[in-house]
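# One predicted model, sequence on top.
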Amino acid sequence: MKAKNNTKVIYITIFISLIFSIIPLPIALDAYRPNWALLVLCYWAMALPNRVSVLTGWFVGLLLDVLLGSVLGINAFALAMVVYVMANNYLAIRNFSLWQQSLIIGLLTALYHLLIFWVQRFVFGVDFSMTYLIPVITSAILWWVIFLLLRKIRRQFKVR
Amino acid sequence: MNPIFVEGFSSHRRMFLALVLSGAFMYCDHKLESFEVARGFMQSLVSPLQYLANAPKQFLDSTAENLVSRKQLMTENQRYQVSELKLKEKLLQMDILKQENDRLRNLLASPVRQDYKKMVAEIQAVDSDPYSHQVVINRGLDDGLYEGQPVVDDHGVAGQILHVGVNNSRVLLLTDISHAIPLRIHRNGIRLIGKGTGSVNHMEVIHVPLSTDIQEGDLLVTSGLGGKFPEGYPVATVTQVSANSFREFAQVTIKPLVKIDRLRYLLLLWPDKPSLEPSSSAPEDQDTKPQEGQG
């Protein structure tokens, strides 16, 4: 069989997810912005753990840090942590039904936001507000779309 | 065939490496000044992404501008003419005062204040970290920006430059929790320090003794003491003073004059660069040519 595995597609989807995570939204909707990069990374880490590793997650997080202007390494660390959890349990999570998966994704997004909050609290002493956790809900819902879409893309382009 | 087991390093080792790397980056970014160069480099590396994310809004904006009705344009034009007339009249007085001031300063052998280089920048619509108040502008190293440069808009001081990329950069706004600015009460010249709280429409003044003469409605301007912001730009008004004698210091809440959540155009200042020659990139801010003060 020809050694063609279309890894490019993975990077293109991650690239698009990065654009989506900085695209301007109306202020009213801004707090509801789902974590596009996290969702896409989670999908690839679950489907192709040999392509998307913890360090890929870390690097995408670093790009996100520069894009968002936060202290370098915060998003990188939190995303690497999420991918780490995903990479250690991908066989189990793959077999869950879609709504169970979206529950897991909700938990991972909460972990991601809390990790970022804790580091920010440690560095700057920011105060907690519940609005930081709104993306958990939207991300969990959006997982249905992302999962079905990326699965279609993966099968269409035969990404391995 | 898909390998069942992941090859290469185990994910534990990778996670450990990621942890060490993030720790190192956080430390360097937070503590080391020299890391700014690397940060600027990365900023310019990702700027295409930011331009791309900004594109849809820019497109919509330009379409909206093209579709303005004739009537709207006419009323707008009229408004501008009236305000230009008013501003011109103020400028006339200002010129005379400035000449007089320069002459007096010459007599006192003080250095004459000079007009400095300015440049207009537009804000790029990209999202930022929810924990901090920052905006991205479309000017960078190519336009001569530097870190810590003061940024103002037509209401007052907006903030300072945080990271400089090649053709876009990041502005840290006044209200960010990590930002502080040296201030002076316009009425009596008492010096204070204004600190951001992370809220869009209020800031606080720290270490104000209970006996300080400060009232609600006082205008606070930059004192120029930190060396970053030039003197005399309006920053905020005092909204609340609570001098509770059980506390060590008075609690003073101030409201920034700049509308942080609806910024569009910003003006960059070069306090140490006189604008003797007209700057190439910003033709509209060259109305006030420095006048030679003859003693």
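Ah, there it is.
# So what touches the helix or strand of chain A with the lowest mean pLDDT?
Lowest by mean pLDDT, DSSP states H and E among the helices and strands of chain A is helix A:27-30, with a mean of 78. For helix A:27-30, contacts defined as C-beta atoms under 8 Å, 6 or more residues apart in numbering or on different chains pick out B:127, B:261. Every C-beta, even on glycine, is put in place using the N, C-alpha and C of the backbone.
# Any buried residues in it, and which?
Neighbour counts over helix A:27-30 (16 or more other C-beta atoms under 10 Å in any protein chain shown) mark no residue as buried.
# go on, stretch B:128-144?
For stretch B:128-144, a neighbour-count test (16+ other C-beta under 10 Å) marks B:128-141, B:143-144 as buried.
# interface residues of the stretch 151-295 of chain B facing chain A?
B:162, B:163, B:170, B:177, B:178, B:198, B:261 (C-beta under 8 Å from any C-beta of the partner chain).
# The fifth one against residue B:198, yeah?
No: with contact defined as C-beta atoms under 8 Å, residue B:178 does not reach residue B:198; the gap is 9.1 Å.
# Any residue of the helix or strand that contains residue A:16 touching chain B?
Per DSSP states H and E, residue A:16 falls inside helix A:7-22. Yes: applying C-beta under 8 Å from any C-beta, one finds helix A:7-22 in contact with chain B at A:15, A:18, A:19, A:21, A:22.
# Excluding chain neighbours, what is closest to the first one?
Put plainly, it is residue A:15. Distances taken as C-beta to C-beta, 6 or more residues apart in numbering or on different chains place residue B:49 nearest to residue A:15, at 7.9 Å, with adjacent residues excluded.
# For the helix holding residue A:16, which residues meet the burial criterion?
For helix A:7-22, a neighbour-count test (16+ other C-beta under 10 Å) marks A:9, A:10, A:13, A:14, A:15, A:17, A:18, A:19, A:20, A:21, A:22 as buried.
# what's the residue closest to the geometric middle of chain A?
Central residue of chain A (C-alpha atoms, centre = their mean): residue A:38, 0.7 Å from the mean position.
# where does that residue fall, phi/psi-wise?
Note on residue A:38: backbone dihedrals following degrees, to the nearest 10 are phi -60, psi -40.
# how about it, what does it touch?
Contacts of residue A:38 (C-beta under 8 Å, 6+ apart): A:79, A:82, A:108, A:109, A:112, A:139.
# Any of the residues you listed buried? List them.
In these, burial by neighbour count holds for A:79, A:82, A:108, A:109, A:112, A:139, counting by 16+ other C-beta under 10 Å.
# Just the residues you listed: which are in helices?
Mapping those onto helices (DSSP state H) picks out A:79, A:82, A:108, A:109, A:112, A:139.
# In a markdown table: those residues, plus distance to residue B:214 and pLDDT.
What follows is these, written out as a markdown table (distance: C-beta to C-beta, whole Å; pLDDT from 0 to 100):
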| residue | distance to residue B:214 | pLDDT |
| --- | --- | --- |
| A:79 | 46 | 93 |
| A:82 | 48 | 94 |
| A:108 | 49 | 94 |
| A:109 | 45 | 95 |
| A:112 | 43 | 94 |
| A:139 | 46 | 93 |
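# ok, so of those, who is nearest chain B?
Among these, residue A:79 lies closest to chain B (C-beta to the nearest C-beta), at 8.9 Å.
# nearest to residue B:156, of the residues of the stretch 151-295 of chain B next to chain A?
residue B:261 (14.9 Å; C-beta to C-beta).
# State the number of residues packed around the closest one.
11 (other C-beta atoms under 10 Å in any protein chain shown).
# do the same with residue A:48
Using other C-beta under 10 Å, residue A:48 is surrounded by 19 other residues.
# residues touching it, list them.
By C-beta under 8 Å, 6+ apart, the residues touching residue A:48 are A:10, A:154, A:159, A:160, B:2.
# Apply 7 Å and report the result again.
With contact set as C-beta atoms under 7 Å, 6 or more residues apart in numbering or on different chains, residue A:48 has these partners: A:159, A:160.
# doesn't residue A:25 fall inside a helix?
No: with DSSP: H, G, I helix; E, B strand; the rest coil as the criterion, residue A:25 is coil rather than part of a helix.
# Could you look up the SS state of the nearest residue to it once chain neighbours are set aside?
Distances taken as C-beta to C-beta, 6+ apart place residue A:33 nearest to residue A:25, at 6.0 Å, with adjacent residues excluded. Using three-state DSSP, the three-state assignment for residue A:33 comes out as coil.
# Could you double-check that residue A:33 sits in contact with residue A:24?
No: under the criterion of C-beta atoms under 7 Å, residue A:33 makes no contact with residue A:24, lying 10.2 Å away.
# follow-up on the earlier one: going by distance to residue B:257, which of the contacts of residue A:38 wins?
Nearest to residue B:257 among the contacts of residue A:38, counting by C-beta to C-beta, is residue A:112 at 36.8 Å.
# Which residue is the nearest non-sequential neighbour of that closest one?
residue A:78 (4.7 Å).
# Residue A:98 and residue A:137: what is the separation?
Per C-beta to C-beta, to the nearest Å, residue A:98 is found 16 Å from residue A:137.
# ugh, typo on my part, it should be residue B:13
Residue B:13 sits 34 Å away from residue A:137, going by C-beta to C-beta.
# Now for residue B:195, how many residues are close by?
Residues lying near residue B:195 (other C-beta under 10 Å) number 20.
# wait, is it part of a strand?
Yes: assignment of residue B:195 by three-state DSSP places it within a strand.
# got the residue ranges for the helices in the stretch 1-150 of chain B?
Using DSSP state H, counting those that start in this stretch, the helices of the stretch 1-150 of chain B run over residues B:11-31, B:36-66, B:70-107.
# and residue B:269, which of these is closest to it?
Judged by C-beta to C-beta, the one of these that comes nearest to residue B:269 is helix B:70-107, at 17.5 Å.
# Of all the residues in the closest one, which ones are buried?
Across helix B:70-107, burial judged by 16+ other C-beta under 10 Å covers B:98, B:102.
# How far off centre is it?
Its chain's C-alpha centre and that of helix B:70-107 lie 24 Å apart, by C-alpha atoms, centre = their mean, to the nearest Å.
# mean confidence score for that helix?
Mean pLDDT, helix B:70-107: 91.
# same question, stretch B:159-173
For stretch B:159-173, the per-residue pLDDT averages 90.
# for stretch B:176-188, same thing?
For stretch B:176-188, mean pLDDT is 91.
# still on that earlier bit, list the helices and strands the helix holding residue A:16 packs on?
Secondary structure elements in contact with helix A:7-22, counted by 3 or more C-beta pairs under 7 Å, 6 or more residues apart in numbering or on different chains; DSSP states H and E, are helix A:36-47, helix A:54-68, helix A:134-156, helix B:36-66.
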